[in-house]
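Attaching a predicted model along with its sequence, questions to come.
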Amino acid sequence: MKYYSRRLIKPSDLNANNTLFGGILLKWIDEEAGIYAMTKLNSTTVVTKFISEIDFVSTAKQADVIEIGIEFIKFGRSSLTFSCEVRNIFSKQTIIKIDKIVFVNVDDKGKPLAHNQEAETEVSL
């Protein structure tokens, strides 16, 4: 798992329980995953197709610093699949795990478009 971005938890990121709001975290993950998919497919026309079960393992609180990790799994004809883990940067405690996130390369009408990446090739960031 490679960790690509970090976030400082601020008051505006908290829920009524004064912990990190899950919706905010999922927004950050979707954004990071989208950027990752764009760089892997060398395309800016990618969309989120699927996110598997989301496992909230622990929480974060104000002033915590978290990091978002992405791990490549495979290429499909028009898709890219990877997993995600978010953890506290200092304690390394896992906050969330997602086993499978799928992004699809699309054309200007939103239809799946073959990306022409080879299944064995891992394109580096």
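Received it, and whenever you're ready, just let me know what you need. Residues are numbered from 1 along each chain as shown.

and the one helix or strand Lys40 maps to, how far out from the chain's middle?
Assigning secondary structure by DSSP states H and E places Lys40 in helix 22-41. Distance, stretch centre to chain centre, for helix 22-41: 4 Å (CA atoms, centre = their mean, to the nearest Å).

Skip ahead from it and say which helix or strand is next.
Defined by DSSP H and E, the subsequent element after helix 22-41 is strand 46-51.

got the angle for that following strand vs helix 22-41?
For strand 46-51 against helix 22-41, the angle by axes from the mean of the first three to the mean of the last three CA atoms, to 10 degrees is 120 degrees.

which other helices and strands contact the next helix or strand after strand 46-51?
Counting by DSSP H and E, the element after strand 46-51 in chain order, helix or strand, is strand 54-56. Identification of packing neighbours for strand 54-56 by 3 or more CB pairs under 8 Å, 6 or more residues apart in numbering; DSSP states H and E yields strand 94-105. In short, each C-beta sits where N, CA and C put it, glycine included.

what's the residue closest to the geometric middle of this protein?
The structure's the chain has its C-alpha centroid closest to Ala33; by CA atoms, centre = their mean the separation is 3.3 Å.

For it, list the residues it contacts.
Applying CB atoms under 8 Å, 6 or more residues apart in numbering to Ala33 gives the contacts Thr48, Ile70, Phe82, Cys84, Ile101, Phe103.
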